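**Q** Next one to model:
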Amino acid sequence: MQNQKEATDKYTQEGYLYFSFDFLQNWNNELEKVNKKKNGKHYEYPDSMIRCCSKIKFAFQTGWRQVVGILSSLKKWIPIPRVPRKSQMSLRFNQLDFDYQETLVKTKKQNVALDSSGIKLRFSGQWVREKHLEKKPFLKIHVAINTKTNQAVAMKITEDFVSDVSQARKLLKQSNKISKVEKGFMDGAYDEIALWKWCEEKKIEPFIRLRKNAKQNGLSLRAEQSRRMHEIGFDEWMKERGMGEREPVECWYSVFKRRFGEFFMCRIEKNMIQEIKFKTMLCNQLILN
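**A** Next comes the predicted model:
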């Protein structure tokens, strides 16, 4: 029963996160602050309101026009001074600075799990692509997840043809800026000799799933683990190495795609990057709550 109560509280808090109208408390003060040194026409709406509108849009996968309709309906019962237009919300959203690390739970040391997943481009026609046997285009989001807090501590966005292993060093460097990375858990896509050596040089213990035909000769850590894997068998070696600690990164992607879908809603590349930053920040908040 306790677990059921915890789940109920968690999902209740999630609903509050989506429909939080706290921005009404500091509307005038926040506007005065953001307009203090602004040249030209002053902002009519505080940043916190635009963030609230963005949560509604991406959490419920709807358009800016529908968000205008939701706010207009709520305005009858909630003292919202005025409702922004679709163009105002879209413009302001793409101007805001979203830091997906702002809600991180900091730890002195951390183990991270790395992985990537594709986000499809919504505007591509599925029927046409199936007819002409064309691959549906997508961008890849690469993340490093703190295996204790389950939050994303590093993130990169690349084209679909970019390999996972090429982004590993960048993710680990970003993660190190948050707190010292002791272990890095990765799947077979990251099994590259150069990455094993780089991790050893940076004093990060690599927990990378080896290929079953990995070479056993040499004195390197990878060769040592390969010999051990062939000695006790692949499944036993996976258990011995504790490779199950990679699971948080799979769970993070599951939360991300169940809440926000597998498609981009924006059409322009720079706006897509802004969208992913916002969704990553919101996903970290959901996990925190």
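**Q** any idea how far Gln110 is from Ser117?
**A** Gln110 is 21 Å from Ser117, where distance means Cβ to Cβ, to the nearest Å. Every residue, glycine included, has its C-beta placed from N, CA and C.
**Q** Who has more neighbours out of the two?
**A** Between Gln110 and Ser117, counted using other Cβ atoms under 10 Å, Gln110 has the larger neighbour count: 21 against 17.
**Q** Bridged to the more buried one, which residues?
**A** Counting by DSSP bridges, Gln110 forms beta bridges with Val181.
**Q** tell me the contacts of it?
**A** Gln110 makes contact with Asn146, Thr147, Lys148, Val153, Ser175, Ile178, Ser179, Lys180, Val181, Glu182 under the criterion Cβ atoms under 8 Å, 6 or more residues apart in numbering.
**Q** can you rerun that using 7 Å?
**A** Asn146, Lys148, Ser175, Ser179, Val181, Glu182 (Cβ atoms under 7 Å, 6 or more residues apart in numbering).
**Q** Just the buried ones out of those residues, please.
**A** Asn146, Ser175, Ser179, Val181 (16 or more other Cβ atoms under 10 Å).
**Q** Okay, Lys180 and Glu205: tell me how far apart.
**A** For Lys180 relative to Glu205 (Cβ to Cβ), the value is 12 Å.
**Q** now the strands for the stretch 151-289 of the chain?
**A** Listed in chain order, the strands of the stretch 151-289 of the chain (DSSP state E, counting those that start in this stretch) span residues 152-159, 180-186, 205-208, 263-264.
**Q** To Gly69, which of those lies closest?
**A** Closest to Gly69 of those, according to Cβ to Cβ: strand 263-264, at 21.7 Å.
**Q** what residues go with each domain of this protein?
**A** As assigned by automatic domain parsing, the chain contains the domains 2-95, 109-288.
**Q** quick one: which of those domains is nearest Glu102?
**A** domain 109-288 (6.8 Å).
**Q** how far out from the middle of the chain is the closest one?
**A** 11 Å (Cα atoms, centre = their mean, to the nearest Å).
**Q** remind me which residues of the stretch 101-250 of the chain are low pLDDT?
**A** Counting by pLDDT under 70, the stretch 101-250 of the chain shows low-confidence ranges at 122-136.
**Q** One more pass at 80, please.
**A** In the predicted model, the stretch 101-250 of the chain carries pLDDT under 80 at residues 121-137, 212-215, 219.
**Q** what ranges do the helices span in it?
**A** Taking DSSP state H, counting those that start in this stretch to define them, one finds helices in the stretch 101-250 of the chain at 126-131, 165-178, 193-201, 221-232, 234-240, 247-260.
**Q** Tell me which of these lies nearest to Leu104.
**A** Closest to Leu104 of these is helix 165-178 (Cβ to Cβ; 6.6 Å).
**Q** got the angle between the strand or helix carrying Gly15 and helix 247-260?
**A** Element membership for Gly15 (DSSP states H and E) is helix 2-18. Helix 2-18 and helix 247-260 meet at an angle of 50 degrees, taking axes from the mean of the first three to the mean of the last three Cα atoms, to 10 degrees as the criterion.
**Q** what's in contact with helix 2-18?
**A** Lys55, Ile56, Ala59, Gln285, Leu286, Asn289.
**Q** Tell me the spacing between the closest residue to Arg209 other than its chain neighbours and Gly118.
**A** In this structure, Arg209 finds its nearest non-sequential neighbour in Gly188, 4.6 Å apart by Cβ to Cβ, 6 or more residues apart in numbering. For Gly188, the distance to Gly118 equals 17 Å [Cβ to Cβ].
**Q** Over to Ile268?
**A** In terms of Cβ to Cβ, Ile268 sits 19 Å off from Gly118.
**Q** does the residue nearest to Arg209 really touch Asn213, like I thought?
**A** No - contact between Gly188 and Asn213 fails when scored by Cβ atoms under 7 Å: they sit 11.2 Å apart.
**Q** More neighbours: which of the two?
**A** Neighbours per residue (other Cβ under 10 Å) separate Gly188 from Asn213, with Gly188 holding more: 12 against 7.
**Q** Nice, that's everything, thank you.
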